[in-house]
Every structure is written in structure tokens, then in C-alpha cells.
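*Asks:* Provide a 3D model corresponding to the input given below.
(2 chains)
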Amino acid sequence: MKSISLYVDNGSWLCRVHPFTKLAYIVTAISVPLIGGTLWLFAAFIALSLAVLASGHLLRRVTPLVAFSFTILITIFLIHGLFNQNNQTPLFQIGPLRFYQEGLLYALRIGCNVLNMLFSFAILVLSTKPSELVEELEKRGFSRRIGYIIISVFQIVPQMMGTMSTITDAQRSRGMETEGNLLTRAKAFLPLISPVVMSALINTRERAVALEVRGFAAKQKKTYLADRTPHRGDKPITIALLALIVLAAGWRIAQCL
Amino acid sequence: MPVIAVENLKYRYPHADALALDGLTFTVEKGEFIGIVGANGAGKSTLSQALIGLVPQFYNGAYGGRVLIDGLPAESTPISELCCKVGLVFQNPFNQLSGAKDNVYEEVAFGMQNLGVPRAEMHRRTENALKLLDIWQFRDRNPFDLSGGQMQRVAIASILVMEPDIIVLDEPTSQLDPQGSEEVFRTVDKLAHSGITILMIEQKIEKIAAYCDRILLLHQGHQIAFDTPQKVFSRPDLEQLGVQAPVFTRICRALGTTLPDGSYPVTVEEAANQLRRTSVLPPVSAQQEERPELFEIRNLEFSYRPGTPVLHGINLQLDARPTAIIGQNGAGKTTLVKLLKGLLRPTGPSIWFRGEDISHKTVAALAAQVGYVFQNPDDQIFRYNVLDEVMFGPLNIGMSEEQAREKSRAALALTGLSDQENSNPYDLELNERKMVAIASVLAMDPDVLILDEPTIAQDMMGRRRIADIVRTLSAQGKLVLAILHDMDFVAECFDRVVVMAQGQVVADGSPRQVFADSAALQAARLDPPHVTQLCTRLGYDGVFLTVEEFLDACGCQA
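*Replies:* Presented below is the predicted three-dimensional model:
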């Protein structure tokens, strides 16, 4: 079965670090530059994230994400560089297009923000098994039901894609063309999508029963098959990260006073 | 004190007019193995759900009478509490997976986690259950990647680890191959001997007869009988109630051979002990007529992933004789028929249909000639009335509205759905939906009809209906190619049997030849039909395939 999770266990140290440490990193990487308010903080955290990704051998797997986000970022630079309402100081000109400093700075801030978030989330998403994250959350009192919903998406969506291909086969067997011009495809839509929806509904009901008979609604405290072996970096890193947030906040308050 | 006490249980589903259960009263003692039998619609599944409190707690509806599980009322005890006493395994293994765990080991432990079982105990129970059900080797696999039979064993293991006193199984072997279902029966029997009470709904009547202490016979929500298998299956009105007695019982009844108490034997051992050996002429094979060749398969190789071949070196010529493909789960049967239908592509030219290489034909182009009925009818149904659903295929292949309607009506008549023409397919039961799927392919009037496990979920009437379809099409000179796990059905309805094991054809011939080839059957891990087993035990020469054939040889009319 094809997994829709981006996680691959590549054996690096990053995969063994506790998901909460990575969550703490995300919070720090996003909040510190926002609190600090200066551009170089963004740059520093982007560089730090890239360094962490590199040490976890994940740099190559992050490139498609960057490539995707760049198409959006370029649009932002074009629009704000050309049309931002605060534009006053022309910076350079390409043909008839005149770019302004204010708009470009604004776009740069957005771009840094996006990249910063992207990279810090990438650390978590690429190196953490979704079920592990949810299990750790549940151990700290996170709702079991919501946890189940999150995890089951990772199992059931690929399953639905599998069902989809069986359905395509079944309808093609009944002489339905699925390829061709727009009209052919439009005609094929209903016969393909209705069985998916209907069987999803039927399956959901049955699965609800299955969960019920396996004690999902039990009030007892849940137990777990294994404790994670904590990484020796977990505690110091988390403390350092939280300290950074406090520091940034203190520095900003001091500036304002 | 009985472990289950049911008193005058009545239940009606919401928005239904008829009672699904009407006045059931029985008790079950600890460690008993109870079989629940009855035609489709008898209320078997509803009863299984009432025992764990899903009826009425989950489904609502009108409820009367009492169900006591170990003294607890099933009507009001929370299911999360009842599930420590009663475990429920149902038909479709796929929907029993929690969907929250990505390997078999964790999947099996899921229920215990919810109940807060200590860790060491969870590991112990999980390991035991996986080994008991012979799925230990799959512990790190994703449960969704397993075959139906393997998945069902995971589902049973998941219930087993919760150590309930009672396990209710709702047709748990319907998706399994013969060996797999035998394994499940033996496991369940082992559990029953260890003191767990078992209630099992099952269509495989010979198995039920061999393993159960008592049989609960239901019909349209009523309790007809609750007695020993011998007593229940000796009832003269059994067929009117939609249940066929075991092969051995039918033979003994026709020959007038009874047990000391006047009932008829129900297992092969009992029958073999009671039947006296008479001189019986070995059966003679009827001359088979020559039929035109349809498919030619030469040196067919296929793999989904490079390096793991699913089929290798298949050579077959298929003519219009009704042909059954048998073999274990994962032997490559479905892959082979999908290749014939063009749903999968062979790597080079290796399949010819009427002399034409099909490796570059589209599925839709083949649709008019080769029909394929998928296992799960819900993968294709999308219309809101049966006739429209059935007409979809014929219209696609270019029939006129009129012709399509005519063909569809004929197909519905053949599948026994004429009076359901305007029903919504989703309001029909699974066995009827399967018939809709068959009709929707029949209506396209193909020369070849491929059926993937058509007898699953069908009761006696449904099986007879499918046997009729096979005979009718065959009489019209069409090829019916069916994947089957039901050997009695194969022996009854098919002229040719292809046995597959590990991606190869290990035997091919008439049922009489194939079921005499014990080496090939062993290689494919299959058992011969029940009549054949009985005759081998009695030491008769030749291979008897059906009850009628055997009785004829004994000089007796069925």
C-alpha cells in the first residue's frame, strides 16, 4: 500500500528525537523571529533548520517542497514589488516593469516567514511517524477520538485510492471509457465517484462497530505497547528552545520600554 | 448458571416493518460450540449483534425480551464493558481493522490498549494469538496489505487477545480458501475446548456439523430448532427453511441409514461407520463434447513488481466448457483472470482471444466479448434503481435502449431479481447486490463470463441460482470461467477444473481427473468434494463427485 505520510525511517538521529522536541522547535522557529521582528532572525532560523535537515540526511527530500513554494513566492515578489500600496522608492527596472523597495521588503518578509515555517515543519513531518506523534500526544491527555481521526486518515485515504482503482476496473469492465476527451471523462465521473462515496459510508458504519467491539469507548486509562527510548538531546534541546523564546520576548519588551 | 441466556428476544430495525428477531429463547453453557444456521434474512447477523449489545445500543430500533451475558443485560451494559466478555468477528475482515495501526502486531494489540491491559501482558497475549493463528510471520506487515484470509486471521487474533469468555463469529470463513477455513475451524474448536464459548454463523454446513455441539436453526427471525446437529439436520423440512443438510446426511437419508436414535449421521466419520459397503460400480465419465477454443495462453509470465513473479510459465487453452479455477489464496487466480479480461497487461504477446493477440486491446474494447463480475458488488453499483444499473453496461457497448432493456430484463430474470427491477440496489441485501452485479454483466451478453468467488455470501437458494446461470450460459455455448473455493459446487457444475498453486497450473482436466490427482490437490492444499471424501473412506473405486451420482450408483433415487 502506498503511504501518504512523508515519513521515512532513514535511521538518522532526527528520527529518534522525541516528536515533542520537534514540536518545540517549530514553535520556537516561528515565534522568535516574529517576536524579535528583525529579518536576520528569520535568516538565522532558516539556516538552522537547513543545517538540522542536512544532518538528518533529509535535505534532498525537502527540495520538492521548496520548488513548490517558490512558484508562490515569486508571485508574491512580483505583485508586491510592483503594486504594493506603500511603494515609493523605485529600486530597479526590467523593461516596462518598475520594482519598488517597500514592496520588495514586504515580500521578503513574507517569503522568509513562509520558508521558515516550511523548513521547521519539514523537520517534524519528514522524520516523525504520524502514529508515533499522535500516540505521544494521547499519552499526555490529547483526545483519543481526535487522535484516531488523524491517524486513520493516513490509513484510509490510501485505502480509498486503492478502492478507486478497483472501481475504475469494474466500470471499465462494463465497457465504460475512462480516457479520452473532456465529455468522456465527465460522463465517467458519476459511475466512478458514487461507489467510492457509498462504500466509504458503508465501511464507516462497519468500522464504527468494529471499534466499538474492541473497547474504543472504554473509560479505562489506555496502555501502550512501548515507551520510546528518550534521546539524550530531548531535554536540553527543549529547554534551550523555550529559553530562546523567553529571551526573545524579554529583549523585545526591553526594547519597547 | 448459563453463560448466555436469551429470553423471548424480539427486535425490529428502525424504519423496518417486520421483526428481524421474533421470540428467541435459549441458553448456552460455558464451553459449548454453537452453530447458527439459516437462510439469508433469517436474523443470524442481527442475533450476533444482539449478543454484544450493538442491537439495540448502536442500531436503536424496537427491542423486547432479555439477553443476559454472564448475568449482565446486553441491552444496557456499555459495549466497552461487554466486549471483555463477548468478542465479535464478522464477515468482512477489511472493515474490522482499526485503521489506526500500521503493522499487524500493533493492530492486534489495539483492543487491549483501549482496555488498559498492562504492557507485558499485551505482548504475551499478542505473541500467543499471532502464533496460534499462524500469522506471526506477518507481524511487521501493514494489515491492509494482507490477503483476505490473512486479514481475517488478524481480525480473529485481535478479538482473541481480549480474552472474552464468548466469541461470536459471523461467517468468518467466507473469504477464506478451504485450507484457511479449516484452520479457522480448528482454531475455534481448540478455543472451545479451552473453555471459551463459541457461537458461529456459517454457510459451510459440513464444517458446522462436524464441529458444533448444538445448532440453532433460524428462519425469518423465528427460532425453529436448537438441538444437536444430528437432530436439526435430520429435520424433513430443512430445505423448505432454506438450509441444505450436510452431504453425508443427504446420502444417509436416501439410503435409509440412521444412527441408533433414529436421526441421520452428519459427519464423514459417522456416515462411514453406519454405511455398509455394498458393491458399487465406479462412476463413468460422460463423453465431453468438443467445444471451439476461445483463449490460447502461451508461456504467460506476470509480475506486479519486478523480481516477484506472480504467474510463471502458464500454458492453457480455454474452450467453452464451464471451467473452474481453484487454488489457495494468493495462488495467482485473480491475476490470471484479470489478464484474460485485459485489466492487466502481459509483458509480451502471450494471450490470444479467438486467435487475436489481446496485449494491445483496451478493456472497453474487450467488454462486449469478455464479461467480468467483481467480488465486491459495491465497487460498481452507482444507480438508484436496479434496472438502470443493469442497463449501464449494455448501453456502453453500443446496444440500443430497447435492446439493452430487453437483455437486462432477461438477465434479471436469470438472477431471480425480476421483481426488484425498481428497487434501489443499496436497499438490497449483500447476496442480492451480488446478483445485481452478475446481472449487469450478463446483460452485456458476453461470450465469456468470468466470476470471481460468486458463491460467497449466498445461501442454498443463491447457490442453486448461480448453478442455473452456469448451466444456462453453457447451454448457449458460452464460456463460464469461475474462481471458486467451494469444491462441492465445482464438482456439481463444472466440466473442467484448473488447479493453481504458486503462480503455476498444477493440474487441469475434468473434475473426476483432478479430484483423483491427490498429489496436485496436496500441492495446492485443497480437499476433494465431500462425497469424494466419503467414498474414499468407504474404499470405493473411482471418484464420485455429487450426491446424486453416488446414490445412482447405489441404485437409489435422491
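*Asks:* switch to C-alpha atoms for all contacts and neighbour counts from now on
*Replies:* Fine.
*Asks:* how does the chain divide into domains?
*Replies:* You didn't pick a chain, so chain A it is. What automatic domain parsing lists as the domains of chain A is A:13-128+A:228-256, A:143-213.
*Asks:* Hmm, no, I was thinking of chain B.
*Replies:* With automatic domain parsing as the criterion, the domains of chain B are listed as B:4-242, B:293-537.
*Asks:* Which one of the domains of chain A lies nearest to B:Pro246?
*Replies:* Each of those was checked against B:Pro246 via CA to CA, and the shortest separation belongs to domain A:143-213, namely 31.6 Å.
*Asks:* Need the CA coordinates for stretch B:396-405. PDB is fine.
*Replies:* Coordinates of the C-alpha atoms in stretch B:396-405 are reproduced here as PDB (Å, rounded to 0.1, in the frame of the first residue of the first chain):
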ATOM      1  CA  ASN B 396     -21.900   1.400 -23.000                       C
ATOM      2  CA  ILE B 397     -21.100  -1.200 -25.600                       C
ATOM      3  CA  GLY B 398     -23.500   0.300 -28.100                       C
ATOM      4  CA  MET B 399     -26.800  -1.500 -27.700                       C
ATOM      5  CA  SER B 400     -29.900   0.400 -28.400                       C
ATOM      6  CA  GLU B 401     -32.100   1.500 -25.500                       C
ATOM      7  CA  GLU B 402     -34.700  -1.100 -26.400                       C
ATOM      8  CA  GLN B 403     -32.200  -4.000 -26.800                       C
ATOM      9  CA  ALA B 404     -30.400  -3.000 -23.600                       C
ATOM     10  CA  ARG B 405     -33.700  -3.100 -21.700                       C
END
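*Asks:* Show me which residues of that stretch are buried.
*Replies:* Residues of stretch B:396-405 classed as buried: B:396-397, B:404-405 (neighbour count, 16 or more other CA atoms under 10 Å in any protein chain shown).
*Asks:* re the thing from before, could the domains of chain A go into JSON lines alongside mean neighbour count and mean pLDDT?
*Replies:* Written out in JSON lines, the entries for these read as follows (neighbours: other CA atoms under 10 Å in any protein chain shown; pLDDT from 0 to 100):
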{"stretch": "domain A:13-128+A:228-256", "mean neighbour count": "17", "mean pLDDT": "91"}
{"stretch": "domain A:143-213", "mean neighbour count": "17", "mean pLDDT": "87"}
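*Asks:* Chain B: which of those domains is closest?
*Replies:* Smallest distance to chain B across the domains of chain A (CA to the nearest CA): 4.3 Å, for domain A:143-213.
*Asks:* Straight-line length of the closest one, end to end?
*Replies:* Between the opening and closing residues of domain A:143-213 there is a gap of 19 Å (CA to CA, to the nearest Å).
*Asks:* so how far is it from its chain's centroid?
*Replies:* In this view, domain A:143-213 has its centroid 24 Å away from the chain centroid, taken as CA atoms, centre = their mean, to the nearest Å.
*Asks:* same check, this time on stretch B:529-543
*Replies:* Between the mean C-alpha location of stretch B:529-543 and the chain-wide mean there is a distance of 24 Å, by CA atoms, centre = their mean.
*Asks:* same question for that stretch, mean pLDDT?
*Replies:* In this model, stretch B:529-543 carries a mean pLDDT of 89.
*Asks:* what does stretch B:98-107 give?
*Replies:* Average pLDDT, stretch B:98-107: 90.
*Asks:* Stretch B:415-427 and chain A in contact?
*Replies:* No. Using CA under 8 Å from any CA of the partner chain, we find that stretch B:415-427 stays clear of chain A, coming within 8.8 Å at best.
*Asks:* So for that stretch, what gets flagged as buried?
*Replies:* Quick answer for stretch B:415-427 (16+ other CA under 10 Å): B:415-418, B:420-421, B:424-426.
*Asks:* got TSV for the domains of chain A, with distance to B:Gly195 too?
*Replies:* Rendered in TSV, the data for those read as follows (distance: least, CA to CA, whole Å):
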stretch	distance to B:Gly195
domain A:13-128+A:228-256	37
domain A:143-213	21
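*Asks:* among those, which is nearest B:Tyr211?
*Replies:* Taking CA to CA as the measure, the domains of chain A were each checked against B:Tyr211, and domain A:143-213 came out nearest at 25.6 Å.
*Asks:* Could I get the contacting residues of the residue of the stretch 201-350 of chain B at minimum distance from chain A?
*Replies:* Ranking the residues of the stretch 201-350 of chain B by distance to chain A (CA to the nearest CA) places B:Leu343 first, at 6.7 Å. Neighbouring residues of B:Leu343 by CA atoms under 8 Å, 6 or more residues apart in numbering or on different chains: A:169, A:173, B:363.
*Asks:* so how far is stretch A:136-147 off the chain centroid?
*Replies:* Averaging C-alpha positions (CA atoms, centre = their mean) puts stretch A:136-147 19 Å from its chain's average.
*Asks:* Between the contacts of B:Leu343, which sits nearest A:Ala226?
*Replies:* A:Asp169 (41.5 Å).
*Asks:* what's the helix or strand for that closest one?
*Replies:* Assigned by DSSP states H and E, A:Asp169 belongs to helix A:144-173.
*Asks:* cool, and B:Gly64?
*Replies:* Per DSSP H and E: strand B:62-69 holds B:Gly64.
*Asks:* For that strand, which strands pair with it and how are they oriented?
*Replies:* Under the criterion DSSP bridges, strand B:62-69 sits next to strand B:4-12 (antiparallel), strand B:72-73 (antiparallel) in its sheet.
*Asks:* and the nearest residue to A:Leu104 once chain neighbours are set aside, helix, strand or coil?
*Replies:* Setting aside the residues directly before and after it, A:Leu104 is nearest to A:Gly81 in space (CA to CA, 6 or more residues apart in numbering or on different chains), at 4.6 Å. Under the three-state scheme (DSSP: H, G, I helix; E, B strand; the rest coil), the conformation of A:Gly81 reads as helix.
*Asks:* next one: B:Ala16
*Replies:* coil.
*Asks:* any idea how far it is from chain A?
*Replies:* Going from B:Ala16 to chain A by CA to the nearest CA, to the nearest Å gives 18 Å.
*Asks:* Return the residues in contact with the closest residue to B:Gly195 other than its chain neighbours.
*Replies:* Once flanking residues are discounted, B:Gly195 sits nearest to B:Gly31: 4.3 Å by CA to CA, 6+ apart. Shown in contact with B:Gly31 (CA under 8 Å, 6+ apart): B:192-198.
*Asks:* re earlier: pull the CA atoms of the strand holding B:Gly64 into CSV?
*Replies:* Once side chains and other backbone atoms are set aside, the C-alpha atoms of strand B:62-69 remain, and they are given as CSV (Å, rounded to 0.1, in the frame of the first residue of the first chain):
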residue,chain,number,x,y,z
ALA,B,62,-37.6,-1.7,19.0
TYR,B,63,-36.3,-4.2,21.4
GLY,B,64,-38.1,-6.7,23.7
GLY,B,65,-37.2,-9.6,25.9
ARG,B,66,-33.8,-10.1,27.5
VAL,B,67,-30.3,-11.1,26.7
LEU,B,68,-28.1,-11.9,29.7
ILE,B,69,-24.4,-12.3,29.2
